[in-house]
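Participant: take a look and give me a structure for this.
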Amino acid sequence: MERIGRYQITREIGRGSMSIVYEAFDNRIDRHLAIKVLREDLARDVGSRQRFLREARAAGRLGHANIVTVFDVGQGDAMPYLVMELIPGTTLADYLHRQNDRSLPVATILDIAMQLCEALQYAHSQGVIHRDIKPANIHFDPETGRVKLMDFGIAAIEGRRRSDQDGSYLLGTPHYMAPEQINGTEASRSSDMYALGVVLFQLLSGELPYAGNTVSEVVDAINNRRMKPLRAADANTPRALINLVRRLTNHNPASRPDDAAKVGDELEDIQAGMQRGILQSVRRNSIAWRRTAVIGVAVSMTLLLGLAYVYNSQTTAITQTTYGYGDALTSIIAQESAEPLILEDSTALGLMVSDFSVNAEVEFVHVTDASGVVVASTNPYMRGREQVIPGGIEIKRPSEAIRLLHNEAGQLIFQVPVRFQSQRVGEVYLGLDGSAMTEAANTTLIMLAMVFGLTLLAAMIGLSWLTRKQQHSISELSLGLKRLASGQRDIRIESGARDEFADAHKQFNRLAIFLDERALQAPPQMQQSQMQQNQMQQSQIPASEFVGDSATAAEQTVDLSSVNTDTTIDQPNGASSDSGTSAGTAVGNVRSIHKKR
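Facilitator: Numbering: from 1, shown residues only. As a prediction, this is how the structure comes out:
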């Protein structure tokens, strides 16, 4: 096929169960487009042609940034075709498949959901119900994040339904169909929102809410409410988003949000809550965070003062102990040296010095006579030489009997005179290793710093957790009141905490239930009037607008138990597609469950 109408075919993009999508070129406007052509075998079927043309009518009346634009519709060689915009990217289903079904970041999921809400809000405002929202019908461009809803092939147009005299078609993909659709009830805005909830369930958890290998198993699971619990792959998924998905997938349509605009606003609130961090809360002068900061500063100052006092006390104690030990040892050596110095007994002095040098703390010992000549020393080379006055910083102390110096090598040098009957007969110089004292002081400082840091960290983590928990509870309550004020009475706050906010949340839920029950208690006259109005609208629909006649409906009835949901349709990578371009489409577009009234 080289040409369809005035459009030059360049390549095939993909194939579905009902149609083939080509890339084409329009010479008149110099633009590349996507053309969806009904398969030749289906083009001969009246019902298939009507469904194809219904897609053209449904999509052609919609013009929105998040809906694939339809430019033209026509027939070429008795083959209906639909001309759409050609956009980069792929379907969300194909993208997830290429990602090995890994869950997307929560921020990306929120962005996709908000764009889908905008598309649905616009379609619903035009009276169009999509009826088959699923990843295969969502176009996604990962480069720009742009989302476009496509394939309105089974869309229903509100206000143009006819009464179900001959039978009805159940069209859609079972996994994404609302329970009321499966049971034959006409699709509504609420059923579209249910499908959106299933898509979000799949994006958050990586799995579908109902298990089943065949259509009948899936339908049975839905009817018996065997829904899987939503376990988000990302542990940081906001609880408000999980609660929203639960409400969207509620089995009861009356308890399900049906306003896409309000759901979009709720998603924006969730996104804004994620974007607000601790620093932004401080910038907004949050009273709670200012209180936390003040408490943190107070705790820090108290810890610093207390630990500084402890450090000073410990260092002073260690220093005084070391000085006392040196003083005592030097005094003993001076007392023992007095008699040998008077007797000039160098041998006795040498033995005494040798005994004291055994102490590991002693660096050296020098004993001099009255003239300053070394007569005994731990260093043999010093004997007979004049003692050099040691250098270093002198440490002032109350007692001046013993002189104390601290040199650059870290040694503590004690100098004390040797006296005999109040007569100075010599000097004793004792050097001790002062590094142990310095190490002890440094160790004490490190330990105290660690205690300070860990204590402050624990205090700040505790305060931050408590503050964030309180802010989260307040935020939930605030958002709940905001949604109640906007008429969203199905909102509930799920809180398992046992704190001061638990009672407030409980009272809020009671208020929401009361308002919900009050709204449902409509007078019987109003309900009867509404039913008559719906019947009048349905009776005005011409038979030609329905998909086929009763004979066609009977021929298209599908035995659900004979179809497997693993059916796969081959499709090359491409930008535009239809409902049949992904796995499960042949099953998903289950034609009908023919019901006799």
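
Participant: on the three-state scheme, His251 is what?
Facilitator: Following DSSP: H, G, I helix; E, B strand; the rest coil, the label given to His251 is coil.

Participant: can you pull the phi/psi pair for Arg231?
Facilitator: Arg231 has phi and psi values of phi -110, psi 100 when expressed as degrees, to the nearest 10.

Participant: quick check: it touching Ser205?
Facilitator: Yes: if you go by CB atoms under 8 Å, Arg231 and Ser205 touch, sitting 5.6 Å apart. No exception for glycine: its C-beta is placed from N, CA and C like everyone else's.

Participant: between those two, which one's more packed in?
Facilitator: Regarding Arg231 and Ser205, a neighbour count based on other CB atoms under 10 Å identifies Ser205 as having more, with 20 against 12.

Participant: quick one: residues contacting that one.
Facilitator: 103, 228, 230-233 (CB atoms under 8 Å, 6 or more residues apart in numbering).

Participant: could you identify the most distant pair in the residues you listed?
Facilitator: Using CB to CB, the pair of the contacts of Ser205 lying farthest apart is Ser103 and Lys228, separated by 14.8 Å.

Participant: between these two, which one's more packed in?
Facilitator: Ser103 (19 against 13).

Participant: so that one makes contact with Gly206?
Facilitator: Yes: counting by CB under 8 Å, Ser103 does reach Gly206; the two are 4.9 Å apart.

Participant: quickly list what's touching both of those two.
Facilitator: Contact criterion CB under 8 Å, 6+ apart; residues shared by Ser103 and Gly206: Ala233.

Participant: note down every partner strand of the host helix or strand of Val73 and its orientation.
Facilitator: Counting by DSSP states H and E, the element that carries Val73 is strand 70-76. Using DSSP bridges, the strands paired with strand 70-76 are strand 79-85 (antiparallel).

Participant: which SSE is immediately downstream of the strand it pairs with?
Facilitator: Assigned by DSSP H and E, the successor of strand 79-85 is strand 90-91.

Participant: that following strand pairs with which strands?
Facilitator: The strands beside strand 90-91 in its sheet (DSSP bridges) come out as strand 138-141 (antiparallel).

Participant: quick one: the partner strand to chain centroid distance?
Facilitator: Distance, stretch centre to chain centre, for strand 138-141: 22 Å (CA atoms, centre = their mean, to the nearest Å).

Participant: do you know how far the closest residue to His64 other than its chain neighbours is from Ser188?
Facilitator: Distances taken as CB to CB, 6 or more residues apart in numbering place Tyr122 nearest to His64, at 4.5 Å, with adjacent residues excluded. Distance from Tyr122 to Ser188, counting by CB to CB, to the nearest Å: 17 Å.

Participant: can you map out the helices along the stretch 51-200 of the chain?
Facilitator: 92-98, 106-125, 179-182, 189-205 (DSSP state H, counting those that start in this stretch).

Participant: now what about the third one, what contacts it?
Facilitator: Contact with helix 179-182 is made by 131, 170, 172, 174, 187-188, 190-191, 194, 219, 222-223, 251, 253, 593, as judged by CB under 8 Å, 6+ apart.

Participant: again, but for stretch 478-492
Facilitator: 240, 243, 247, 250, 255-257, 259, 262, 265-266, 269, 493, 508-509, 511-512, 515-516, 519.

Participant: so which of these belong to helices?
Facilitator: 240, 243, 247, 262, 265-266, 269, 508-509, 511-512, 515-516, 519 (DSSP state H).

Participant: dump the residues you listed to JSON lines, plus pLDDT, distance to Gln314 and neighbour count.
Facilitator: Formatted as JSON lines, the ones in helices among the contacts of stretch 478-492 follow (pLDDT from 0 to 100; distance: CB to CB, whole Å; neighbours: other CB atoms under 10 Å):
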{"residue": "Ala240", "pLDDT": "86", "distance to Gln314": "52", "neighbour count": "20"}
{"residue": "Asn243", "pLDDT": "88", "distance to Gln314": "55", "neighbour count": "18"}
{"residue": "Arg247", "pLDDT": "90", "distance to Gln314": "61", "neighbour count": "19"}
{"residue": "Lys262", "pLDDT": "90", "distance to Gln314": "65", "neighbour count": "17"}
{"residue": "Asp265", "pLDDT": "90", "distance to Gln314": "61", "neighbour count": "17"}
{"residue": "Glu266", "pLDDT": "89", "distance to Gln314": "59", "neighbour count": "26"}
{"residue": "Asp269", "pLDDT": "86", "distance to Gln314": "55", "neighbour count": "18"}
{"residue": "Phe508", "pLDDT": "84", "distance to Gln314": "55", "neighbour count": "20"}
{"residue": "Asn509", "pLDDT": "83", "distance to Gln314": "57", "neighbour count": "16"}
{"residue": "Leu511", "pLDDT": "86", "distance to Gln314": "60", "neighbour count": "14"}
{"residue": "Ala512", "pLDDT": "82", "distance to Gln314": "61", "neighbour count": "20"}
{"residue": "Leu515", "pLDDT": "82", "distance to Gln314": "66", "neighbour count": "15"}
{"residue": "Asp516", "pLDDT": "76", "distance to Gln314": "67", "neighbour count": "17"}
{"residue": "Ala519", "pLDDT": "74", "distance to Gln314": "71", "neighbour count": "11"}
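
Participant: among those residues, which one lies nearest to Val358?
Facilitator: For the ones in helices among the contacts of stretch 478-492, the nearest to Val358 is Ala240 (76.1 Å; CB to CB).

Participant: ok, back up a step: among the contacts of Ser205, find me the one that's closest to Glu344.
Facilitator: Ala233 (92.7 Å).

Participant: any idea which helix or strand carries that closest one?
Facilitator: Going by DSSP H and E, Ala233 is not in any helix or strand.

Participant: any idea how far Gly431 lies from Gln387?
Facilitator: Counting by CB to CB, the gap from Gly431 to Gln387 is 12 Å.

Participant: pretty sure Phe501 contacts Ser473?
Facilitator: Yes: counting by CB under 8 Å, Phe501 touches Ser473, with 3.8 Å between them.
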